[in-house]
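# Sequence and predicted structure are below.
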Amino acid sequence: MSSLVFVFGTLKQGFPNFAVNNGKRIAGDFITVERYPLYLVGERFSPWLVDAVGEGERVVGQVFEVDEASLAAMDELERITHADGYRRVMLEVEARQDAQRTRFFVLAYIKPRAQFSVANARLGPLQEYTHEHAAMYRSREAQQAAPLAF
(Lines give C-alpha, C1' and ligand atoms only; values in the text may rest on other atoms or scores of the structure.)
Protein backbone atom coordinates (compact mmCIF):
# COMPACT_ATOMS: atom_id res chain seq x y z
CA MET A 1 0.00 0.00 0.00
CA SER A 2 1.28 3.48 -0.79
CA SER A 3 0.68 6.83 0.87
CA LEU A 4 0.99 10.44 -0.22
CA VAL A 5 3.27 12.50 2.01
CA PHE A 6 3.63 16.30 1.99
CA VAL A 7 7.21 17.31 2.78
CA PHE A 8 8.04 20.93 3.56
CA GLY A 9 11.59 20.80 4.95
CA THR A 10 14.66 18.58 4.96
CA LEU A 11 12.88 15.67 3.23
CA LYS A 12 12.27 17.72 0.07
CA GLN A 13 14.11 16.79 -3.10
CA GLY A 14 17.59 18.35 -3.02
CA PHE A 15 17.52 19.00 0.74
CA PRO A 16 19.58 17.53 3.64
CA ASN A 17 17.47 14.46 4.53
CA PHE A 18 16.21 13.63 1.05
CA ALA A 19 18.21 10.36 1.09
CA VAL A 20 15.62 9.02 3.57
CA ASN A 21 12.80 9.88 1.16
CA ASN A 22 12.56 6.98 -1.29
CA GLY A 23 9.22 8.07 -2.67
CA LYS A 24 8.16 9.02 -6.18
CA ARG A 25 7.65 12.76 -6.47
CA ILE A 26 4.31 14.04 -7.73
CA ALA A 27 5.14 16.76 -10.28
CA GLY A 28 4.94 20.37 -9.17
CA ASP A 29 4.82 22.20 -5.88
CA PHE A 30 1.94 22.04 -3.45
CA ILE A 31 0.63 24.41 -0.80
CA THR A 32 -1.37 23.76 2.34
CA VAL A 33 -5.02 24.78 2.11
CA GLU A 34 -4.94 26.00 5.71
CA ARG A 35 -2.32 28.29 7.23
CA TYR A 36 0.28 26.75 9.57
CA PRO A 37 3.26 28.34 11.32
CA LEU A 38 6.58 27.07 9.89
CA TYR A 39 9.66 27.98 11.93
CA LEU A 40 13.34 27.14 12.06
CA VAL A 41 13.83 25.99 15.63
CA GLY A 42 16.70 25.46 18.04
CA GLU A 43 20.44 25.05 17.61
CA ARG A 44 19.88 22.70 14.66
CA PHE A 45 17.65 25.16 12.78
CA SER A 46 15.14 22.34 12.25
CA PRO A 47 12.05 23.18 10.22
CA TRP A 48 8.95 22.79 12.40
CA LEU A 49 5.44 22.90 11.02
CA VAL A 50 3.49 23.63 14.20
CA ASP A 51 0.01 22.21 14.77
CA ALA A 52 -1.67 25.61 14.99
CA VAL A 53 -4.14 25.65 12.11
CA GLY A 54 -5.06 29.17 11.01
CA GLU A 55 -1.80 30.77 12.15
CA GLY A 56 1.29 31.48 10.05
CA GLU A 57 1.29 31.02 6.27
CA ARG A 58 0.01 28.60 3.66
CA VAL A 59 3.13 26.43 3.46
CA VAL A 60 4.77 25.33 0.20
CA GLY A 61 6.17 21.82 -0.19
CA GLN A 62 6.41 18.71 -2.32
CA VAL A 63 4.26 15.57 -2.38
CA PHE A 64 5.68 12.07 -2.67
CA GLU A 65 4.04 8.70 -3.11
CA VAL A 66 5.81 6.38 -0.68
CA ASP A 67 5.57 2.68 0.10
CA GLU A 68 5.31 1.29 3.63
CA ALA A 69 9.09 0.86 4.04
CA SER A 70 9.75 4.47 2.97
CA LEU A 71 7.03 5.73 5.30
CA ALA A 72 8.60 3.75 8.16
CA ALA A 73 12.01 5.32 7.40
CA MET A 74 10.44 8.79 7.46
CA ASP A 75 8.67 7.95 10.73
CA GLU A 76 12.02 6.97 12.23
CA LEU A 77 13.75 10.16 11.04
CA GLU A 78 10.89 12.27 12.39
CA ARG A 79 10.91 10.31 15.69
CA ILE A 80 7.15 9.90 15.79
CA THR A 81 7.33 7.43 18.71
CA HIS A 82 9.37 9.84 20.87
CA ALA A 83 7.74 12.34 23.19
CA ASP A 84 9.65 15.20 21.52
CA GLY A 85 9.12 13.94 17.96
CA TYR A 86 6.86 15.00 15.14
CA ARG A 87 3.37 13.60 14.72
CA ARG A 88 2.13 12.18 11.43
CA VAL A 89 -1.23 13.75 10.57
CA MET A 90 -3.52 14.26 7.59
CA LEU A 91 -3.81 17.72 6.09
CA GLU A 92 -5.15 19.16 2.85
CA VAL A 93 -2.98 20.55 0.06
CA GLU A 94 -3.53 21.86 -3.45
CA ALA A 95 -1.28 22.10 -6.50
CA ARG A 96 0.15 25.61 -6.88
CA GLN A 97 0.16 25.51 -10.68
CA ASP A 98 -3.29 23.93 -11.08
CA ALA A 99 -5.85 26.47 -12.34
CA GLN A 100 -8.67 24.33 -10.89
CA ARG A 101 -6.93 24.21 -7.49
CA THR A 102 -7.37 20.46 -7.13
CA ARG A 103 -7.28 19.59 -3.43
CA PHE A 104 -6.47 16.30 -1.73
CA PHE A 105 -5.45 14.97 1.66
CA VAL A 106 -1.89 13.87 2.41
CA LEU A 107 0.18 12.79 5.38
CA ALA A 108 2.53 15.35 6.92
CA TYR A 109 4.86 15.54 9.92
CA ILE A 110 4.01 18.35 12.33
CA LYS A 111 5.04 19.35 15.82
CA PRO A 112 2.44 19.53 18.58
CA ARG A 113 1.76 23.10 19.63
CA ALA A 114 2.74 22.25 23.23
CA GLN A 115 6.32 21.48 22.09
CA PHE A 116 6.77 24.88 20.47
CA SER A 117 8.11 27.97 22.22
CA VAL A 118 8.66 31.16 20.26
CA ALA A 119 11.78 31.66 22.40
CA ASN A 120 13.37 28.69 20.59
CA ALA A 121 12.42 29.93 17.12
CA ARG A 122 15.36 31.16 15.07
CA LEU A 123 13.35 32.28 12.04
CA GLY A 124 9.73 32.40 10.97
CA PRO A 125 6.94 32.03 10.42
CA LEU A 126 7.92 31.12 6.86
CA GLN A 127 5.92 30.24 3.78
CA GLU A 128 8.63 28.02 2.34
CA TYR A 129 11.76 26.20 3.51
CA THR A 130 14.48 27.16 1.02
CA HIS A 131 18.06 26.13 0.24
CA GLU A 132 19.17 29.21 2.19
CA HIS A 133 17.38 27.82 5.26
CA ALA A 134 18.76 24.32 4.63
CA ALA A 135 22.31 25.73 4.70
CA MET A 136 21.76 26.54 8.40
CA TYR A 137 20.41 23.06 9.25
CA ARG A 138 22.48 20.68 11.36
CA SER A 139 21.64 16.99 11.55
CA ARG A 140 21.14 15.36 14.93
CA GLU A 141 24.47 13.53 14.46
CA ALA A 142 26.34 16.74 13.64
CA GLN A 143 24.75 18.48 16.64
CA GLN A 144 25.85 15.69 18.99
CA ALA A 145 29.40 15.73 17.59
CA ALA A 146 29.89 19.50 17.87
CA PRO A 147 27.21 21.52 19.69
CA LEU A 148 26.90 25.19 18.79
CA ALA A 149 27.46 27.77 21.49
CA PHE A 150 24.98 30.67 21.51
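Perfect, I can see it now. Numbers count the residues shown, from 1 in each chain.

# pretty sure Ile31 contacts Glu92?
No: the pair Ile31 / Glu92 is not scored as a contact, 10.2 Å apart, by CB atoms under 8 Å. In this view, the C-beta of every residue, glycine as well, is placed from N, C-alpha and C.

# between the two, which one's more packed in?
Under the criterion of other CB atoms under 10 Å, the comparison of Ile31 against Glu92 puts Ile31 first, with 18 against 13.

# Pull the contacting residues for that one.
58-61, 93-94, 96 (CB atoms under 8 Å, 6 or more residues apart in numbering).

# Same check on Ser70?
Here Ser70 is in contact with 21-23 (criterion: CB under 8 Å, 6+ apart).

# Now the element after the helix or strand harbouring it, going C-ward?
Assigned by DSSP states H and E, Ser70 belongs to helix 68-77. Remark: after helix 68-77, the chain's next helix or strand is strand 87-95, criterion DSSP H and E.

# How about Glu128, nearest residue that isn't a chain neighbour?
Counting by CB to CB, 6 or more residues apart in numbering, Val60 is the residue found nearest to Glu128 once chain neighbours are left out, at 4.1 Å.

# which residue ranges form the helices in the chain?
Secondary structure of the chain by DSSP state H: the helices cover 68-77, 131-134, 140-145.

# what would the ones you listed look like in CSV with mean pLDDT?
Below are the helices of the chain laid out as CSV (pLDDT from 0 to 100):
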stretch, mean pLDDT
helix 68-77, 97
helix 131-134, 97
helix 140-145, 65
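
# Can you give me the buried ones in the helix holding Ser70?
By neighbour count on 16 or more other CB atoms under 10 Å, the buried set for helix 68-77 is 70-71, 73-75, 77.

# how far is stretch 8-27 from where the chain is centred?
Relative to the centre of its chain, stretch 8-27 is centred 10 Å away, using CA atoms, centre = their mean, to the nearest Å.

# and the end-to-end length of that stretch?
Chord length of stretch 8-27, first to last residue, is 15 Å (CA to CA, to the nearest Å).
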